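> I need the structure of the sequence given here:
(one chain, ligands or ions: 1)
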Amino acid sequence: MDQFTHTNGRLHCEQVPLDALAGEVGTPAYVYSATTMRDHATRLKEAFAGLDPLVCYAVKANSNLAVLELLAKAGCGFDIVSGGELARVLLAGADPASVVFSGVGKSEAEMKAAMEVGVLMFNVESEEELDVLGAVATFLGEKPGVAIRVNPDVDPKTHRYITTGKKENKFGVDLDRGEALARRALAHDHLTLRGIQCHIGSQITDVAPYAEAVARTRDLALRLKADAPHLEYLNMGGGYGIFYKDEKAPAFSDYAEAIRPVVADCGLKLVMEPGRIIVGNAGVMLTRVVFNKTSGAKKFVIVDAGMNDLLRPSLYEGYHRMWPVVGEPPPPLGEEGDHDPVDVVGPVCESGDFLAQNRPLPTMVRGDLLAVMSVGAYTAVMGSNYNDRPRPPEVLVDGDRYAVVREREKHADILGNERPDAPYRAIGEATEGDAS
Ligand code: LLP
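This is a model prediction of the structure:
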């Protein structure tokens, strides 16, 4: 469970009252519960007890260094998708031997950096990628671990933008090609086939597609195993859904029960890449009402956070619960209450800049504080500076104390790389300051 409770007329994160916190750190601000994150990581492992899975937290969900450190201490490995994420997990104290490198477009520089520190496996998604990885490995005299990412053609029944495991998606290779690709890896002197991986999508709230995808992936791994002495990992990716509105998000134990029979006794070690389920419900965004406004029949509440701070409603029609921090308690989970509906919108100059549409909310006035729930995943990481808006701070709460683990960005930070006086130059022409 998450650690956000409405007690004595105000919302708390663990024991910290969020109105007082907003008074100290300002708004908008992201606030995360350390206890919730630790608890989710631990309970996920416990649900799969006996299978001893390697839990590689998907860094893309929330890559704040303090969050990564906390999860490394809780025993997580990491799933990374870029050289930047590699640098982050190393800074956070990760053991490279528990890091898997995913992504359809790894650069040679990224491959080299990951090989040099010795990541556990590269999740390879195409023939060309395998060839380039093999060439980089040969050049460096390395023999990196490889997992082939297959696309088991299972419909995860989630939003089309976050579906990855169907034939028409850009990710992975189909099962037949996957077998051929795995055999190509096996035949390569500088690659070590260590696993088969799949990941069918994100925010999936039905365990059946998982069990199906993992079974298809397992069958391929077992077919290959006789010829592949180092093939020891079955990586089932991430994608477990959470509660945003009224979804019946499965419990950790539901996933474990569905997957246990598929993988038990198959002789392969289970790897998973969960992101959202660990951090999603561990975060809220605090934002203040700037103005109220009525236009025709519509009521707008304009707040100081916009689509640049929380993109999910505009991009995926994502629903985030929200409620005033101070005042009457929120309705029970899954219910909206019977207040008049309003659109909660931000200050960004786009009609798509909304956090909620037609949402029944108590009347709020200028300066009131609103908490937007379930923003621990895919929120701060997807933020931008659109409209020259500095990114909000990230605050980690643990018990009755808090730490600002990322400061509010300053305008100077945004302007830092701009060079309006940069001299024009012809192609190939050196200018003052170039390295000789
Ligand atoms: N592994 C791979 C290969 C992935 O592509 C992803 C997510 C994960 C693991 C972690 O998935 P999770 O357990 O967090 O569902 N921005 C979107 C979600 C994009 C997910 C991308 N890949 C959103 O806000 O809903």
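
> Spatially central residue for this protein, please.
Taking Cα atoms, centre = their mean, the centroid of the chain lies closest to residue 61, which sits 1.5 Å from it.

> Tell me who's in contact with that residue.
For residue 61, the contacting residues are 275, 276, 278, 279, 280, 376, 377, 378, 381, by Cβ atoms under 8 Å, 6 or more residues apart in numbering. Where C-beta positions appear, they are placed from N, C-alpha and C, glycine not excepted.

> Which ones, among the residues you listed, also lie beside the ligand?
The subset of the contacts of residue 61 within reach of the ligand, by Cβ under 6 Å from any ligand atom, is 275, 276, 377, 378.

> these two touch, right, the first one and residue 60?
Yes - if you go by Cβ atoms under 8 Å, residue 275 and residue 60 touch, sitting 6.3 Å apart.

> hey, what's in contact with both of these two?
Common neighbours of residue 275 and residue 60 (criterion: Cβ under 8 Å, 6+ apart): residue 378.

> out of those two, which sits in the more crowded spot?
In this view residue 275 and residue 60 are compared by other Cβ atoms under 10 Å, and residue 275 has more residues nearby, 24 against 21.

> and the stretch 301-436 of the chain, which residues reach the ligand?
Applying Cβ under 6 Å from any ligand atom, one finds that the stretch 301-436 of the chain approaches the ligand through 312, 316, 377, 378.

> Tabulate these (JSON lines), appending pLDDT, secondary structure and neighbour count.
JSON lines is the format used below for these (pLDDT from 0 to 100; DSSP: H, G, I helix; E, B strand; the rest coil; neighbours: other Cβ atoms under 10 Å):
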{"residue": "312", "pLDDT": "98", "secondary structure": "helix", "neighbour count": "21"}
{"residue": "316", "pLDDT": "93", "secondary structure": "helix", "neighbour count": "16"}
{"residue": "377", "pLDDT": "98", "secondary structure": "coil", "neighbour count": "26"}
{"residue": "378", "pLDDT": "98", "secondary structure": "coil", "neighbour count": "25"}
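
> Serialize those residues to JSON lines and add fields for distance to residue 391.
Output for those, formatted as JSON lines (distance: Cβ to Cβ, whole Å):
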{"residue": "312", "distance to residue 391": "16"}
{"residue": "316", "distance to residue 391": "20"}
{"residue": "377", "distance to residue 391": "16"}
{"residue": "378", "distance to residue 391": "15"}
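
> Pull the most distant pair out of the residues you listed.
Greatest spatial distance among those (Cβ to Cβ): 316 and 377, at 12.2 Å.

> Farthest pair within the contacts of residue 61?
For the contacts of residue 61, the maximum inter-member distance is 13.7 Å, found between 278 and 381 (Cβ to Cβ).

> who's more crowded, those two?
residue 278 (30 against 14).

> Quick one: residues contacting the nearest residue to residue 64 once chain neighbours are set aside.
Once flanking residues are discounted, residue 64 sits nearest to residue 394: 5.3 Å by Cβ to Cβ, 6 or more residues apart in numbering. By Cβ under 8 Å, 6+ apart, the contact list for residue 394 reads 29, 30, 32, 64, 66, 380, 404, 405, 406.

> just checking, the fifth one is part of a helix?
Yes - assessed with DSSP: H, G, I helix; E, B strand; the rest coil, residue 66 lies in a helix.

> and it, what does it touch?
Listed by Cβ under 8 Å, 6+ apart, the contact set of residue 66 reads 394, 396, 403, 405, 406.

> What distance do you get for it to residue 202?
Distance of residue 66 to residue 202, given as Cβ to Cβ, to the nearest Å: 23 Å.

> Could you do the fourth one as well?
Taking Cβ to Cβ as the criterion, residue 64 is separated from residue 202 by 19 Å.

> low-scoring pLDDT stretches of this structure, where are they?
Applying pLDDT under 70 to the chain flags the ranges 1, 162-168, 432-436.

> so how many other residues sit close to residue 268?
Look at residue 268: counted by other Cβ under 10 Å, it has 20 neighbours.

> oh, I was asking about residue 337
As a burial measure, residue 337 scores 13 neighbours (other Cβ under 10 Å).

> Name the nearest residue to it, ignoring sequence neighbours.
Nearest to residue 337 is residue 331, by Cβ to Cβ, 6+ apart, at 4.1 Å.

> contacting residues around the residue nearest to residue 68 when sequence neighbours are not counted?
Spatial nearest neighbour of residue 68, excluding adjacent residues (Cβ to Cβ, 6+ apart): residue 92 at 3.6 Å. Contacts for residue 92 (Cβ under 8 Å, 6+ apart) come out as 65, 68, 69, 72.
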